Structure formats: structure tokens, C-alpha cells
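K.L.:
predicted coordinates and the sequence they were generated for:
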Amino acid sequence: MTVESQRELLELALANNPQYMAKQAQLGQSESEQGKVNWLPDPTIGLGAFLEPVETAQGPQIAKISFAQNIPWLSKVKAAQKRSLHQTGIAKAELDEFRLGMQKEIDLIWSEVEYVQTLKEIYREKIEFLANLEDVLSIQYQSGSVSHAGFSKTQMQLLRYNDKLEDLESRMTRIRLNVGELLGLDQPVKAPFFPIIIDTNEPHDELELVTSNHPRVEKLDQQLAVSHARQELARAAFIPDVRIGMDYILTGKREVAGIEVDDSGKDALVLSAGLAIPIWSWSSKRSELKASEWGEKQVMAMKRAQEINIRTQYELNLSRLTESKRQVELISSELLPRSREILNVIQQEYVSQSADISKLNRANQSLLDLELELASAHFSTHKSEIELNYLRGLTYE
């Protein structure tokens, strides 16, 4: 299997990553819990029997059926609904934050793969040239025209470059292992997984940083809204709930000298109303209100710290991006052309036998070293651009 773009890799990760699935389930759970907030609590129905009938003018009261309904203050219900709504907003922001972080990780992986592929090509060129040089020096060494030290130095350099190539292969294995984890696998993705990547990270236009676009700040905004709703709920808790009730009393026939009285035995209907006054829970409600006020201050401070952190990281990465671009411009526009000119001159000298192959090797290796520096500068540029896009909250859509 081979992926062709960062977007395709992200879609695969979103479909298979267990952590992302857990965040989705958390959001679904939060959305479902919004239905738990009711305008009215369940009513209470009761049955009662008089152990000793109470005699009344209508007759003895035998039993009663009771119905009671608490009616909470409207502000309590609205505050509870707000809290539930913004708790769902927190879950949504956490899901967006995880997705944005996953996109950033994929962009970094993609850029690293391009960097490793470039390094491998450059080291293969170095190895190929050194292998040719080794063949020439081997003949010269046997004829006694080159010293053992000069011949051994080339062999040692060749071993180092081959070892570097092995290091890059190991680095690709670690990258494939990281991708496997992103895709919910317990093993690396199998090679070949990535295409040959050719600088697909196009630089974005410089945009003004708007911290409110970032899910990390959005999550704190939602937490702040939850704190406000919690305060409203704590204040509303001091307001007594209204309680209305109705009792239906079953009354038997009244008897006088063993004879039932006409028009007696009428069942009674009693309506009642009352207030649920928070007397015993007063101190706990005050504590809840105080805690909600401190909670709001905490979230406000966290939001401020997050905004400062995002802006600071933005400025730092913008500075790194400027530095990397300057290095890219210097190497590609000035140093590489001059190094190629030097190599061309030495190649002509080598053809005319006024320069030996060692001098040609040094010029060639110097050129390839500059290409290594350019690849490193490009990689740094991409990393800074990816970090800036993350801090701006930019997505592929």
C-alpha cells in the first residue's frame, strides 16, 4: 500500500486511530447527555391509608392518593442547559484539537520522509564517487604512487557514508513505526508506503495570527462558558423551588345509629402549594458559588496563558522560518552555483591532467555537502511552516 498525499494519510488516520475514535465517542456521549436536562423533575405519586379512620362530617377518611410536583426556578433550568451545551462544546474543541495535532504530526512526518529521501540520494552520490575513487587509488597504491594513509582515508570515509546510509534506513523504519501507531497498528507500516516526495510543502502566505481560531483557545472559551453557567446555577440554587400538590382522600359513608346518612361519603380533594426553602443546604450552596467564582478566575488565567504561549511560539517559529529561508537563499543562489563552477574547473583540470582525482573528489564532496546543508535548511523551513499553520489553526480544508 502506498499513500499519495498528506490528506490521504490523514483520512486513513482519522478512520483508524483509536485515540481519535475515543474523542469522537466522548463527543457523542456529551451530545447525548444534553437530553438529561429536563424542564421539570419527575412528579411524585403516593398512596396512604389511615390506620384509624378519621371521622369527619362526611364520614370516616379511609385512604388518600397524593400527587406532588416540584417546579424549579426557570433560571436553574436555563443555567443547567447552558452548562450541558458548553460541555459538549469542550468535547468538540478537544476533538478539533486532536485532529489538528494529528494533521501537524502527519505534515512533519511527510516533510521528514522527503528530507530522508533527499539525504539518501546525496549519500548514494557520495558513495558512488568515493567507490570510483577507491578503485583508482587501489591501482595507484599498488603501483606505489599513493600512500597507504591516503588510500585508507578514502576507505574510512566510504565506510562512514555507508554507515550513514544505514542510519537513514533505520530512521525510515522509525517513521513507518510512528505512522503505524497513527493508523492504529501495533507494527510499522510496510514499505513501500510513501511515494517519492518532491517538496510538496508549498509555503503559505504570511497571515496574521488569530489565537481564537485555535481549538486550544476555543476549548478554554467553552470552559469559561461552563464556569459562567455554573455560577448562574449556584446563584439560582438560593431561590426556593415551588411545590404544588393534590391529595384525593377516600371517605366512607357516615353512619348514625347504624344507618348511613344520605349525601355522606363524598371524597375530599385537597390542593396545596409550598416552597422548598434551602435552609440546611445554605452553607454548601455558598461554597458552590465561591468555588464557581474561583473556577472562572482559573479558566480566565489559563486562557490568557494559552494565548501568550501561542503568540510566543508563533513569533519564535516565524523567526526560525526567516532564518531558514535566508539559509536556503544563500546556499541555493550563492554557494551552490559557485561550488558547481569550482567543480567544473577542476573537472577540466582533471581531464587535462593538471589536477589529480583526490582534488576532484574534494570538490565533488564539497558540492554534495552544500546540498546536504540545503536539504537541512529546507527541512527546517518546512517544520517552521507546519508549526505556524498549527498555531494558526489551519486545516487542509
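P.N.:
Thanks, I have it. What you see is a predicted model; the values in this text were computed from it and never measured.

K.L.:
shouldn't Ala273 be within a strand?
P.N.:
Yes. Membership of Ala273 in a strand is supported by DSSP: H, G, I helix; E, B strand; the rest coil.

K.L.:
do you know how far the closest residue to it other than its chain neighbours is from Gln69?
P.N.:
Counting by CB to CB, 6 or more residues apart in numbering, Ile244 is the residue found nearest to Ala273 once chain neighbours are left out, at 5.1 Å. Heads up, the C-betas are built off the backbone N, CA and C, glycines and all. Relative to Gln69, Ile244 is positioned 6 Å away (criterion: CB to CB, to the nearest Å).

K.L.:
same check on Met156?
P.N.:
Taking CB to CB, one finds Met156 at 91 Å from Gln69.

K.L.:
can you check Ala93 too?
P.N.:
38 Å.

K.L.:
again, but for Thr44
P.N.:
For Thr44, the distance to Gln69 - CB to CB - is 8 Å.

K.L.:
what do you get for Ala131?
P.N.:
The value you get for Ala131 to Gln69, if CB to CB is used, is 91 Å.

K.L.:
what bridges to Phe268?
P.N.:
No, residue 268 isn't Phe; it's Ala. Ile249 (DSSP bridges).

K.L.:
other SSEs contacting the one helix or strand Leu374 maps to?
P.N.:
Using DSSP states H and E, Leu374 maps to helix 357-392. Under the contact definition 3 or more CB pairs under 8 Å, 6 or more residues apart in numbering; DSSP states H and E, helix 357-392 sits against helix 74-143, helix 282-330, helix 336-351.

K.L.:
once you drop chain neighbours, what's closest to the most centrally placed residue in the chain?
P.N.:
Central residue of the chain (CA atoms, centre = their mean): Phe98, 1.9 Å from the mean position. Of all residues not flanking Phe98 in the chain, Lys23 sits nearest, at 5.1 Å (CB to CB, 6+ apart).

K.L.:
packing partners of the helix or strand where the one you found lies?
P.N.:
Assigned by DSSP H and E, Lys23 belongs to helix 18-33. Identification of packing neighbours for helix 18-33 by 3+ CB pairs under 8 Å, 6+ apart yields helix 74-143.

K.L.:
got a list of contacts for the strand or helix carrying Arg7?
P.N.:
Assessed by DSSP H and E, Arg7 sits inside helix 6-16. Outside helix 6-16, the residues that touch it by CB atoms under 8 Å, 6 or more residues apart in numbering are 3, 20, 99, 102-103, 106-107, 109-110, 179, 182-185, 200, 396.

K.L.:
among these, the buried ones, what's the ChimeraX command?
P.N.:
ChimeraX command restricting the contacts of helix 6-16 to the buried ones, with burial defined by 16 or more other CB atoms under 10 Å:
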select :3,20,99,102,103,106,107,109,110,179,182,183
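
K.L.:
okay, who's weakest in the contacts of helix 6-16 by pLDDT?
P.N.:
Across the set of the contacts of helix 6-16, Thr200 stands lowest in pLDDT, at 53.

K.L.:
would you mind writing the CA trace of the helix holding Arg7 as CSV?
P.N.:
Only the C-alpha atoms of helix 6-16 are listed here, as CSV (Å, rounded to 0.1, in the frame of the first residue of the first chain):
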residue,chain,number,x,y,z
GLN,A,6,-0.8,14.1,3.3
ARG,A,7,-4.6,14.4,3.0
GLU,A,8,-5.0,10.7,2.2
LEU,A,9,-2.8,9.8,5.1
LEU,A,10,-4.9,12.0,7.4
GLU,A,11,-8.1,10.4,6.2
LEU,A,12,-6.6,7.0,6.9
ALA,A,13,-5.6,8.1,10.4
LEU,A,14,-8.9,9.6,11.2
ALA,A,15,-10.7,6.4,10.2
ASN,A,16,-8.4,4.1,12.2
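
K.L.:
give the buried residues for that helix.
P.N.:
6, 9-10, 12-14.
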